[in-house]
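**Student:** Sequence and predicted structure below; questions after.
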Protein chains: 2
Amino acid sequence: MTDRNRLIYLPLGGAGEIGMNCYVYGYGPAGKERLIVVDLGVSFPDMDGTPGVDVIIPDVAWLEARRDRIDGIFITHAHEDHVGAVGHLWGRLQAPVHCRRFTAIHAMRKLEEAGHDIAQVRVAPVWPEAVTAGPFTVQFTPVSHSIPEASALVIDTPAGRVVHSGDFKIDRDPVVGEPFDEEMWRQIGQDGVVAYICDSTNVFSRHPGRSESQLPEPIGELIAGAKGLVVATTFASNIARLKTLADAGMANGRSICLMGRAMKRMVGAATEAGVLTNFPRTLSPEEATDVPRENLMLIVTGSQGERRAASAALSRSSYLGHEMKEGDMFLFSSKTIPGNEVGVARIKNALAEKGVDVIDDSHGFYHVSGHANRPDIEAMHDILRPRIVIPCHGEYRHLREHAQLALAKGMAGIIAANGSMVELSGNAPGIVDYIEVSKTYLDGTAFVGALDGVIRDRMKLALNGLVAVALIVDEDDLLLEDSWVQLRGLPELTNGGADLAEMIEDELASAMPRFNAKTVNDDDKLEEAVRRVIRQVCMTEIGKKPEVAVLISRLMAA
Amino acid sequence: MTDRNRLIYLPLGGAGEIGMNCYVYGYGPAGKERLIVVDLGVSFPDMDGTPGVDVIIPDVAWLEARRDRIDGIFITHAHEDHVGAVGHLWGRLQAPVHCRRFTAIHAMRKLEEAGHDIAQVRVAPVWPEAVTAGPFTVQFTPVSHSIPEASALVIDTPAGRVVHSGDFKIDRDPVVGEPFDEEMWRQIGQDGVVAYICDSTNVFSRHPGRSESQLPEPIGELIAGAKGLVVATTFASNIARLKTLADAGMANGRSICLMGRAMKRMVGAATEAGVLTNFPRTLSPEEATDVPRENLMLIVTGSQGERRAASAALSRSSYLGHEMKEGDMFLFSSKTIPGNEVGVARIKNALAEKGVDVIDDSHGFYHVSGHANRPDIEAMHDILRPRIVIPCHGEYRHLREHAQLALAKGMAGIIAANGSMVELSGNAPGIVDYIEVSKTYLDGTAFVGALDGVIRDRMKLALNGLVAVALIVDEDDLLLEDSWVQLRGLPELTNGGADLAEMIEDELASAMPRFNAKTVNDDDKLEEAVRRVIRQVCMTEIGKKPEVAVLISRLMAA
């Protein structure tokens, strides 16, 4: 290493996956760079890989070890996959958190819930004003997305300008928030951009993106034709959509009622931040029970099929005094995120059983994406003409496709998945190091490493069931023949109709007298011998090899 | 009940879900009907709801109790969700199994694997020939689908004609098998159809279905443009697709190699049944290693992201001597079944990491569905003009939509989910009874009822982890203070850095002396008291309430 200053980029989350965004920029001599962090997001667990986990957060061990070099944390917008981990991780990083006002309301709440000082959150001005953090000058630059005050970051360093796109789309009429400002972006690009680190989620969508402003008309027509109660769901944070939905309801003679905590919190925050004006007056769920159903519209949480949200509750039974029935309409003004299909279908089917007409976005009329499609990504490439394009916010296949787009236009396209440190400065920009990064699970109140084996053990329990057995070795080092067996997640009866636990106890009683002293006196050997007997019995009797927990009590002479 | 004969329909699986098809028709006096069974299919487990389960089969308790009244089992086609449970359930139903030749090869193998007599499988002739089973005369009537020899059943009874659609599409040029024969269907419908029980899967797809014959051209062009190795995946049973893919490979100078057991078994069965002719000569994976990659095409299993199939293996590393690399192409000539999105994306990402170009059906060029879209469903309604339409093979929302289609055309549309017994005869056809039906899980070699709680217990283990604890009550009914704790799926350390198991043992040691004799002498009370202590400790230390298994050993005076 030399003392030559360099500019580096290091994704710790969000590159090679959708969710859990966390990116690092550094400037200075190699190994001594001053650092800024962009976004501290979460991703969400599932039964498939992370059962019981509350939320997944980035592994910031690398950053924590360099905490004294962090000059600031910058949050691009208030979606959970960008801001969700700020409360969980601030204590380990301890740097000022910069974001725009609407985002700040959320960041402060998260810091407060985690017991940190909310004064660490600084409300940032927008372009052309800037925030200085060490060698970095950062401009929050408004972009359209599906939440208010989403921002790209224009990051100026002694080694040149980097643009971090944040989540964005090109929308010249976004209903809420600033429209796409092509002239501003041309100015930003005119003096040269070293690297454009860019959202890749929709790179496979080949049609131009659609504007939020295309929705009021079809949604209005839909509601105009509705006879009974109308319920609509979308992401609570999609304030523009909430406004579109509420306005369409009002225009068709319906009172509006918001349901779901997140919904009310988001509207409150948007109003407080001044980004939402003219939102119709809403009724509480209780007040709304007095309104005839043909004059009522509920806007509710749970567009992704979450079991505890209002959508799911309404699909199952009555909720807060409201019950859907034959002839009502339920609108999903949303896209189903991959992995949530089954949960969403469960709600649609339950609603169909009630005779409710379910409308979703399968025909493309009632939802638009918040991310740039391929032509819009290309438009940004063309406006900024960066030397390097580094795709972020995408699975590996998105990063690759996006990098190829850039290469085809004569820019350097670098695929940098989580842990890949890229030098952006110098004559041959490229990956210069790989950092070991994993993920951290918040499980209850404990932080568990993804590679610790804890969650893997839980999945084994789910797949195989468990036999727990208690053994006693007496004061004379003799293994008692009686053992006590308990089953979890296994059938009580064998295929032959016998009691499985008793059969295991019997088999152990006949096998254990044959164990030699060396086995009996060694916990590991005894466990292994007992495990083998139990798995053999279960394989024979129910065709399955369960997990086995062996608890050995060794009695001491009094 | 009277002795009037009636005609009934009773779905036991497949109505209100996609998968696990099993339908019953009956004719005779109420409660004494003679019965036939149509299809004995399976559905597949997932971590979300059925971890560790091998396969899900219909709950046939109702049928088993009326086994002496079953005159035959009719299998419409060889997909697992129609024939997969025939081996598991034949022993409980014991009636002749009728199906066409290609299906029979699969049914026989399943009976054989389950230790039953393959002579129970009878190869059925096709329309206009018929099979007689009690009061039923059944004609296997060729339809196009995504597997050879798929059939509708034209079922004649003294109460009139019922048509069971099976899985079907309208394809006038299906590449393999019989084209749609409109004239035949008009003849079938001309004397009146009492009820049409009809596939509903694609009722929300509003465009006309596309023919298998539209694929050779785009697939051929795609392969013509490929530079490296070409790998394609589709369902092994989609023989027409295999032929389309293989022919396209051959036409572009590539030798063909099939990978995956199911693939070879299906091609073998299709050849044996005489439905597949002119399939190109294939190389073994070993022979194929000698072929330059630009002259080779692999056709492989695993289009749904199955972890153990050839697609997944090739995405991870080399498989049977073949390894994908930069510049190769991988084609998903398939649709991703809802619920499998994450597994399929995992493969696509792993391939992208290898630099492989992944092509899927997102643009609609390289796959066509095997099910009738809405216009084709309507076309069948119009041709047959049944009195009653009963949608089957769909989730509830599909059944409802399909029933509404029928109603809109002036036919009776009856939604009959699993367990709904419908009388088709008489003046007021409709649901006459509800049968309690659940699902049966094959778990290892054990049959476990969906409501038995066994699998629910496994999910609790996965969500919460487990603490197992062994306690000893001595010969004098005294609870020893020493306990032995084992953790499964829980962090070893508390948030404060202490050993969690030891901390639980310590807390128990200090709590247990306070238990009174009544608690100590009663297993249930003692368990409950210990469980409470353990859950309290864990809640405080890791923010989680685990499952607890308490094993009490009561020592007897010698």
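**Tutor:** Looks like it arrived, so ask away.

**Student:** use CA for all of it now, contacts and neighbours both
**Tutor:** Noted.

**Student:** so what does the helix or strand hosting A:Ala549 touch, helix or strand wise?
**Tutor:** Assigned by DSSP states H and E, A:Ala549 belongs to strand A:547-554. Counting contacts by 3 or more C-alpha pairs under 8 Å, 6 or more residues apart in numbering or on different chains; DSSP states H and E, strand A:547-554 packs against helix A:454-464, strand A:466-473, helix A:523-542, strand B:466-473, strand B:484-488.

**Student:** What residues does the stretch 401-550 of chain A have near chain B?
**Tutor:** With C-alpha under 8 Å from any C-alpha of the partner chain as the criterion, the stretch 401-550 of chain A meets chain B at residues A:443-448, A:453-459, A:461-465, A:468-470, A:483-486, A:488-491, A:494-495, A:541-544, A:549.

**Student:** circling back to that earlier point, okay, now the sheet partners of the strand holding A:Ala549, with direction.
**Tutor:** Counting by DSSP bridges, the strands paired with strand A:547-554 are strand A:466-473 (parallel).

**Student:** and the angle from the partner strand to helix A:454-464?
**Tutor:** Angle of strand A:466-473 versus helix A:454-464, following axes from the mean of the first three to the mean of the last three C-alpha atoms, to 10 degrees, is 100 degrees.

**Student:** what angle separates strand A:466-473 from helix A:523-542?
**Tutor:** Orientation check (the same axes, to 10 degrees): strand A:466-473 against helix A:523-542 gives 130 degrees.

**Student:** residues of the host helix or strand of A:Tyr27 that come out buried?
**Tutor:** In this structure, A:Tyr27 sits in strand A:22-29 according to DSSP H and E. Across strand A:22-29, burial judged by 16 or more other C-alpha atoms under 10 Å in any protein chain shown covers A:22-28.

**Student:** To what extent is A:Asp59 buried, counted in neighbours?
**Tutor:** 21 (other C-alpha atoms under 10 Å in any protein chain shown).

**Student:** For A:Asp48, see how far away the residue nearest to it when sequence neighbours are not counted is.
**Tutor:** Counting by C-alpha to C-alpha, 6 or more residues apart in numbering or on different chains, A:Asp59 lies nearest to A:Lys439, which is 4.8 Å off, once chain neighbours are set aside. The gap separating A:Lys439 from A:Asp48 is 16 Å, by C-alpha to C-alpha, to the nearest Å.

**Student:** between the two, which one's more packed in?
**Tutor:** Ranked by neighbour count (other C-alpha under 10 Å), A:Lys439 and A:Asp48 place A:Lys439 first, with 19 against 15.

**Student:** so the residue nearest to A:Asp59 touches A:Gly449, yeah?
**Tutor:** Yes: using C-alpha atoms under 8 Å, A:Lys439 is in contact with A:Gly449, at 6.2 Å.

**Student:** hmm, back to that, bridge partners for the residue nearest to A:Asp59, pull those for me.
**Tutor:** Per DSSP bridges, the residues bridged to A:Lys439 are A:Pro58.

**Student:** which ones are touching it?
**Tutor:** With contact set as C-alpha atoms under 8 Å, 6 or more residues apart in numbering or on different chains, A:Lys439 has these partners: A:56-59, A:449-450.

**Student:** any idea which element A:Leu153 lies in?
**Tutor:** Using DSSP H and E, A:Leu153 maps to strand A:151-157.

**Student:** report the angle between the axes of that strand and strand A:22-29?
**Tutor:** Relative orientation of strand A:151-157 versus strand A:22-29 (the same axes, to 10 degrees): 10 degrees.

**Student:** after strand A:151-157 comes which helix or strand?
**Tutor:** According to DSSP H and E, the helix or strand after strand A:151-157 is strand A:160-164.

**Student:** Sheet-wise, list the partners of the helix or strand containing A:Ala232 with their directions.
**Tutor:** Take DSSP H and E as the rule and A:Ala232 turns out to sit in strand A:230-233. Next to strand A:230-233 in the sheet, as set by DSSP bridges, lie strand A:296-300 (parallel), strand A:329-332 (parallel).

**Student:** mean confidence score for that strand?
**Tutor:** Mean per-residue pLDDT for strand A:230-233: 98.

**Student:** same thing with stretch A:193-200?
**Tutor:** 98.

**Student:** Count the residues that sit near the residue in the stretch 351-500 of chain A that chain B sits nearest to.
**Tutor:** Relative to chain B, the nearest point of the stretch 351-500 of chain A is A:Leu463 (3.7 Å; C-alpha to the nearest C-alpha). Using other C-alpha under 10 Å, A:Leu463 has 26 other residues around it.

**Student:** Stretch A:28-42: end-to-end distance?
**Tutor:** Span of stretch A:28-42 from end to end, C-alpha to C-alpha: 29 Å.

**Student:** Any idea how far it is from the middle of the chain?
**Tutor:** Distance of stretch A:28-42 from its chain centroid, counting by C-alpha atoms, centre = their mean, to the nearest Å, is 22 Å.
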